[in-house]
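1. coords please:
(2 chains)
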Amino acid sequence: MTDSSGSTQRALRIGIVCPYAWDVPGGVQAHIHDLAETLIGFGHHLSVLTPVDDPSTLPEYAVDGGRPRAIPYNGSVARLTLGVKATRHVHRWIREGEFDVVHVHEPLAPSLSVLTCWVAQGPIVATWHSSMQRSRVLSAGYYLAQTALEKVSARIAVSEDARRTLVDHFGGDAVLIPNGVRVDRFADVEPVPRGPGPRIVFLGRIDEPRKGLAVLFDAWPMIVGQHPDATLIVIGPGDAREALGDMDSASRERIHVLGRLDEDRKAQELASADLYVAPNTGGESFGIVLLEAMAAQTAVLASDLTAFERVLDGGGAGALFATGNAEDLARQANALLGDDVARQKLVEAGCHRVASFDWAHIARRVEAVYDSVIVPGEPVRVDLRGQLVGRLARRAGDGRVESTGEDGTETEDRR
Amino acid sequence: MNAPDWWIIAAIVLGLVLVGLYLSMTAGRLDRLHRRIEMAYGTLDVLLARRCALTLELAGSGLMDPAAAVVLVDSAHGVLAAIDHDSDSSRRWLAESDLTRTLGGVFDDVQEVDEIREEPDAAQVLDALAATCQRVSLSRRFLNDGVRACRQVRGQRLVRWLRLAGRTPWPQTVEMDDTPPDGLSAITT
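-> Purely as a prediction, here's the structure:
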């Protein structure tokens, strides 16, 4: 078969940098995982440099970038990899990788991504995932961030909000390429055995107020009032007892808290539900779970955040309720649970909508960005000219690489 | 000399060191930006050359009707002539814009393009052309982004006074029409 998207058909050597620990679930990690596997499927050579706690969990295309440390950053504790040893890992990875293009994710997170921007020279692509209000990097470290960003040849934002953050703070331009979803992974999953009544599913951190479980819990008695046999499945880490508050026991009995689930099990639960509810109250820049629910052929009811409205095509591919409004949520959920035809319509519209977010499609657009910055015969190199901070790190890093073999053996031991 | 004098000297030395550091870092930034722009020019150049070559290939393949083949060859040759005439780069961008418009005119209809694509050889060239047009447009966008960033740094007073940019010419954006043809953009999106 000829390449249907008509890409340049040359296998590229691509290096991707993940800033967060690989073995901790997260949106950025999932994005990189799916992007990498799709690109490998296209025939490219891939290497992912990532922090990781347990290197034995890494897939064969990923390279251990060092152990992440828990560091308070920007209001929460992040698990980041930095320091001399990390810089050394980045050096070696770039030197040995001979990449045609290096793709860093979340380049402002003080982790491997920003180190890579410092150390590398050549075609660098950067993807912004989160929308930030005003982070410390953007104010205090503005100069350093700017220095690293100036090396980035092409900028991608996964959402309009992320793009606006980037353009407002640093000027310039960014290409909008949304998050993808592996539609095939959700399409033919085995449904879980279930009882008779309708099933609603919630997915997200239980103790994170912005995920809006409290709104759903407020609405739940009103839903059970109309559909006494309905079940609410709550998936996600955190303690639900506190969140339940003083809910009456009849409603409480219809709630199953499953805790954290692996991806396959999550897909099964999504596919088995009649309605996926996303009651988030803010802070969402994209809403990948909405797409996953659509791919699993489950009707979606979400709060009318701008990001969700965009993903749901203004309400065509999923129902929207007023953010934070439990009555509105209950009213719409009741209407949908009682109307199989309306739900089926949403499912069909959702399937159609999610097709344009399939990774097979999204990754082609990323590939086009790679091709538009690559210079044939000019791979990414280590380069620190004109950079004091980076130069100091190199001196320390190179010295150790040459003087001892310890690092190699140590890495092997860890494996 | 008494103590306060030493303090003043120390402060002056510290100030000079800081200014020196700032200048060295700014020069580094400029150097990186210039190299990034140069790289971006290289990429755009390769992509435009590929677009021109694919246009000629398509025109010469016998897959197009003779009238379309003639206008394609004419525009592609316009580009080649402008490249030879390298003293004036604005002429090149005009010729590339003409080629863009010719491609846009020839491949303006999705159904027509689909008809031509039924031939497997044609599909291959057309797909490559569609992908190249898309990449040309992205590549020019990234190039101009770099030029804007560089101009911003070079516009700083200290950079101008101290001529930190050396003899590197003032960076120029590339202004040309790079809209991918309507009939082809369906292939890539």
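
2. anything in the helix or strand residue A:165 falls within near chain B?
-> Counting by DSSP states H and E, the element that carries residue A:165 is helix A:160-170. No: counting by C-beta under 8 Å from any C-beta of the partner chain, no contacts exist between helix A:160-170 and chain B, the nearest distance being 8.8 Å. Any C-beta I mention is one placed from the backbone N, CA and C, and that applies to glycine too.

3. Just list what the helix or strand following that helix packs against, helices and strands only.
-> Once the chain leaves helix A:160-170, the next helix or strand it forms, by DSSP H and E, is strand A:175-176. Judged by 3 or more C-beta pairs under 8 Å, 6 or more residues apart in numbering or on different chains; DSSP states H and E, strand A:175-176 is in contact with strand A:154-157.

4. what separates the helix holding residue A:165 from the chain centre, distance-wise?
-> Chain-centre distance of helix A:160-170: 18 Å, with C-alpha atoms, centre = their mean, to the nearest Å.

5. Would you mind listing the buried residues in that helix?
-> A:160, A:161, A:162, A:163, A:165, A:166, A:169, A:170 (16 or more other C-beta atoms under 10 Å in any protein chain shown).

6. So which other helices or strands are in contact with it?
-> Counting by 3+ C-beta pairs under 8 Å, 6+ apart, helix A:160-170 packs on strand A:124-128, helix A:142-149, strand A:154-157, helix A:306-311.

7. and if we set it to 7 Å?
-> strand A:124-128, strand A:154-157 (3 or more C-beta pairs under 7 Å, 6 or more residues apart in numbering or on different chains; DSSP states H and E).

8. by how many degrees do the longest one and helix A:160-170 diverge?
-> It refers to strand A:124-128. 120 degrees (axes from the mean of the first three to the mean of the last three C-alpha atoms, to 10 degrees).

9. Near residue A:337, how many other residues are there?
-> Look at residue A:337: counted by other C-beta atoms under 10 Å in any protein chain shown, it has 22 neighbours.

10. any idea how far chain B is from the closest residue to it other than its chain neighbours?
-> Take residue A:337 and drop its neighbours on the chain: the residue closest to it by C-beta to C-beta, 6 or more residues apart in numbering or on different chains is residue A:198, 4.6 Å away. Separation of residue A:198 from chain B (C-beta to the nearest C-beta, to the nearest Å) stands at 38 Å.

11. Just give the number of residues close to residue A:198.
-> 22.

12. again, but for residue B:121
-> Neighbours around residue B:121, by other C-beta under 10 Å: 12.

13. what angle do the host helix or strand of it and strand A:124-128 make?
-> In this structure, residue B:121 is located in helix B:120-154 according to DSSP H and E. Orientation of helix B:120-154 against strand A:124-128 (the same axes, to 10 degrees) gives an angle of 80 degrees.

14. does chain A sit close to helix B:120-154?
-> Yes: judged by C-beta under 7 Å from any C-beta of the partner chain, helix B:120-154 comes into contact with chain A at B:123-124, B:127-128, B:130-131, B:134-135, B:138-139, B:141-142, B:145, B:148-149.

15. PyMOL command for the buried members of the residues you listed?
-> Buried members of those, defined by 16+ other C-beta under 10 Å, are picked up in PyMOL with:
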select buried, chain B and resi 123+127+128+130+131+134+135+138+139+141+142+145+149
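
16. Nearest to chain A, out of the residues of helix B:120-154 next to chain A: which one, please.
-> residue B:127 (2.7 Å; C-beta to the nearest C-beta).

17. Isn't that closest one up against residue B:188?
-> No: shown here, residue B:127 and residue B:188 do not form a contact pair, counting by C-beta atoms under 7 Å, at 8.5 Å.

18. circling back to that earlier point, ok, the buried residues of helix A:160-170 vs chain B, which is closest?
-> Distances from chain B to the buried residues of helix A:160-170, taken by C-beta to the nearest C-beta, are shortest for residue A:170, at 8.8 Å.

19. ok, the closest one - contacts?
-> residue A:149 (C-beta atoms under 7 Å, 6 or more residues apart in numbering or on different chains).

20. mind redoing it with 10 Å?
-> By C-beta atoms under 10 Å, 6 or more residues apart in numbering or on different chains, residue A:170 lies in contact with A:108, A:128, A:138, A:142, A:145, A:146, A:149, A:150, A:152, A:155, B:149.

21. And residue B:166, by the same measure?
-> So residue B:166 contacts B:27, B:30, B:31, B:34 (C-beta under 10 Å, 6+ apart).

22. How many neighbouring residues does the last one have?
-> Using other C-beta under 10 Å, residue B:34 has 19 neighbouring residues.

23. ok, now the first one?
-> The burial count assigned to residue B:27 is 17, neighbours taken as other C-beta under 10 Å.

24. one step back: put together CSV for the buried residues of helix A:160-170, with pLDDT and distance to residue A:79 on each row.
-> CSV is the format used below for those (pLDDT from 0 to 100; distance: C-beta to C-beta, whole Å):
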residue, pLDDT, distance to residue A:79
A:160, 83, 28
A:161, 80, 24
A:162, 83, 21
A:163, 87, 26
A:165, 80, 22
A:166, 82, 24
A:169, 77, 24
A:170, 77, 25
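
25. Find me the pLDDT at the residue nearest in space to the middle of chain B, would you?
-> Centroid-nearest residue in chain B: residue B:140, 3.6 Å away (criterion: C-alpha atoms, centre = their mean). Looking at residue B:140, its pLDDT stands at 95.

26. Quick check: which helices or strands does the helix holding residue B:121 pack against?
-> helix A:142-149, strand A:154-157, strand A:175-176, helix A:359-371, helix B:3-60, helix B:89-106, helix B:110-117, helix B:182-188 (3 or more C-beta pairs under 10 Å, 6 or more residues apart in numbering or on different chains; DSSP states H and E).

27. roughly how far is that helix from the heart of the chain?
-> With C-alpha atoms, centre = their mean, you get 7 Å for helix B:120-154.

28. Could I get the phi/psi values of residue 84?
-> Because you didn't say which chain, this covers chain A. phi -60, psi -40 (degrees, to the nearest 10).

29. Can you look at chain B instead?
-> The phi/psi pair for residue B:84 (degrees, to the nearest 10) is phi -60, psi -30.

30. quick one: contacts for it?
-> residue B:92.

31. Can you give me the distance of it to chain A?
-> To chain A, residue B:84 is 22 Å away according to C-beta to the nearest C-beta.

32. Pull up the per-residue confidence for that residue.
-> 79.

33. returning to what we had before: the inter-axis angle of the helix holding residue B:121 versus helix B:110-117?
-> Using the same axes, to 10 degrees: helix B:120-154 against helix B:110-117 is 120 degrees.

34. immediately after helix B:120-154, which helix or strand?
-> helix B:157-161.

35. Just the buried positions in that following helix, please.
-> Quick answer for helix B:157-161 (16+ other C-beta under 10 Å): residue B:159.

36. re the thing from before, now for the contacts of residue B:166: which two are most distant?
-> Across the contacts of residue B:166, the longest distance by C-beta to C-beta is 10.6 Å; it joins B:27 and B:34.

37. Of all the helices and strands packed on helix B:120-154, which one is nearest residue A:321?
-> Closest approach to residue A:321 among the helices and strands packed on helix B:120-154 (C-beta to C-beta): strand A:175-176, 26.4 Å.

38. Can you tell me what sits against the closest one?
-> A:125, A:127, A:154-160, A:162-163, A:365-366, A:368-369, A:372, B:138, B:141-142.

39. can you do 8 Å?
-> Contact with strand A:175-176 is made by A:154, A:155, A:156, A:157, A:158, A:159, A:160, A:163, A:369, B:138, B:141, as judged by C-beta atoms under 8 Å, 6 or more residues apart in numbering or on different chains.

40. Contacts only, for the fourth one.
-> Contacts of residue A:157 were listed using C-beta under 8 Å, 6+ apart, and they are A:127, A:128, A:163, A:166, A:174, A:175, A:176, A:177.

41. Many thanks, I have nothing further to ask.
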